[in-house]
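> need a 3D model of the sequence below.
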Amino acid sequence: MAATLSVGGWEFLTILLLIFGLFMILAGAFTSYFGSGRSRMVGAGLVVIGLVVGILAAYFYSAGTHQLGSLIWESFLVIIAAIIGALVAIGIFLVAIMKS
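Numbering: from 1, shown residues only. The predicted structure follows:
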């Protein structure tokens, strides 16, 4: 029996690959800027890998009837919500620890 992904599965996979590509680009830029010698070349490689993964994920997702722009906007909102939730939880944890 072959495993198939539903629309939600494809959206999850696309978000995962787009975020992976974005952070590979950021890590590569950071490594290229602050590195020296061989690490600059590694950073450039990370940037290229991030670009390729991001572009391919965007292409394959939007090749169907899906809207890539709405997926990116929803992903952005989910990431912001996760960051806010994590910061609130860490803040409550720190207040609880500092008060005891």
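> distance of Leu18 from Val88?
26 Å (C-beta to C-beta, to the nearest Å). Where you see a C-beta, it was placed from the backbone N, CA and C, and this is true even at glycine.
> quick one: which of the two has more around it?
Leu18 (21 against 10; other C-beta atoms under 10 Å).
> find the helix or strand that that one is a member of.
Secondary-structure assignment from DSSP states H and E places Leu18 in helix 7-34.
> show me what counts as buried in that helix.
Residues of helix 7-34 classed as buried by neighbour count (16 or more other C-beta atoms under 10 Å): 10-11, 14-15, 17-18, 21, 24-25, 27-28, 31-32.
> just stretch 75-93 next, same as before
Ser75.
> and His66, what helix or strand is that in?
Using DSSP H and E, His66 falls outside every helix and strand.
> residues contacting it?
Trp10, Glu11 (C-beta atoms under 8 Å, 6 or more residues apart in numbering).
> got the phi/psi numbers for it?
Torsion angles at His66 (phi, psi; degrees, to the nearest 10) stand at phi -80, psi 150.
> what is the subsequent helix or strand relative to the helix holding Leu18?
Helix 7-34 is succeeded, C-terminally, by helix 38-62 (DSSP H and E).
> what packs against the helix or strand following that following helix?
Later in the chain than helix 38-62, the nearest helix or strand by DSSP H and E is helix 68-99. Applying 3 or more C-beta pairs under 8 Å, 6 or more residues apart in numbering; DSSP states H and E, one finds that helix 68-99 makes contact with helix 7-34, helix 38-62.
> if you average pLDDT over each of those helices, which is lowest?
Lowest mean pLDDT of the helices and strands packed on helix 68-99: helix 7-34, a mean of 86.
> ok now it, how far from the chain's centre?
Between the centre of helix 7-34 and the centre of its chain there are 4 Å (C-alpha atoms, centre = their mean, to the nearest Å).
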